[in-house]
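1. prediction below, plus the sequence it came from.
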Amino acid sequence: MRAGIVAAAVLAAGMGIPNPAGAIDAGDVMDRMERKERLGFIGGAVDMASHLYAVAGKTEKANCAVNWYFREEDSLRAIFDFLDAHKEVDAVGLISILIDRRCGE
C-alpha cells in the first residue's frame with residue numbers, strides 16, 4: 001500500500017501536481033520542522049524507501065539508497081536544496097526522485 005502512495009507522490013512531483021491530501025510537503029519539512037525532526041523525517045523516508053526496494057527485489061538499489069544518505073557527506077545538502085526548491089510538493093516523493101537520480105530507477 002505504501003509503495004502505491006510513494007509512486008503516486010513521485011508521479012505527482014514529476015508532473016508538478018500538488019500533494020495528495022494530508023501529505024507532508026517539502027515546505028512543512030524545511031520551514032516547520034526543527035533540524036532534529038527534519039533529520040528524523042528524512043532518515044525515516046530513506047529507510048522506508050530502501051525497505052520497499054528490498055521487498056521488491058531491488059537489493060542493489062536499497063543498499064545504494066542507505067549508503068547514499070547515511071554515508072555520503074553531500075547527500076543531506078542535496079536533499080535540503082531540493083526540498084527548498086520544491087516546497088509545495090510531497091517531501092517523500094522528492095526524496096524518492098533523488099534516490100532514483102543517485103541509484104537508478
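-> Arrived safely.

2. neighbours around Met33, how many?
-> 16 (other CB atoms under 10 Å). From N, CA and C alone the C-beta is placed, and that goes for glycine too.

3. look up the closest residue to it, ignoring the ones flanking it.
-> Phe41 (6.4 Å; CB to CB, 6 or more residues apart in numbering).

4. the one you found: what secondary structure?
-> With DSSP: H, G, I helix; E, B strand; the rest coil as the basis, Phe41 sits in helix.

5. so it makes contact with Asp25?
-> No: under the criterion of CB atoms under 8 Å, Phe41 makes no contact with Asp25, lying 11.7 Å away.

6. next, show the common contact partners of those two.
-> Jointly contacting Phe41 and Asp25 under the rule CB atoms under 8 Å, 6 or more residues apart in numbering are Ala91.

7. comparing these two, which residue is more hemmed in?
-> For Phe41 and Asp25, the more surrounded residue by other CB under 10 Å is Asp25, and the numbers stand at 23 against 17.

8. for that one, phi and psi?
-> Main-chain torsions, Asp25, degrees, to the nearest 10: phi -90, psi 170.

9. pLDDT score for the closest residue to Ile95 other than its chain neighbours?
-> Take Ile95 and drop its neighbours on the chain: the residue closest to it by CB to CB, 6+ apart is Ala45, 4.7 Å away. Looking at Ala45, its pLDDT is 95.

10. understood, closing this out.
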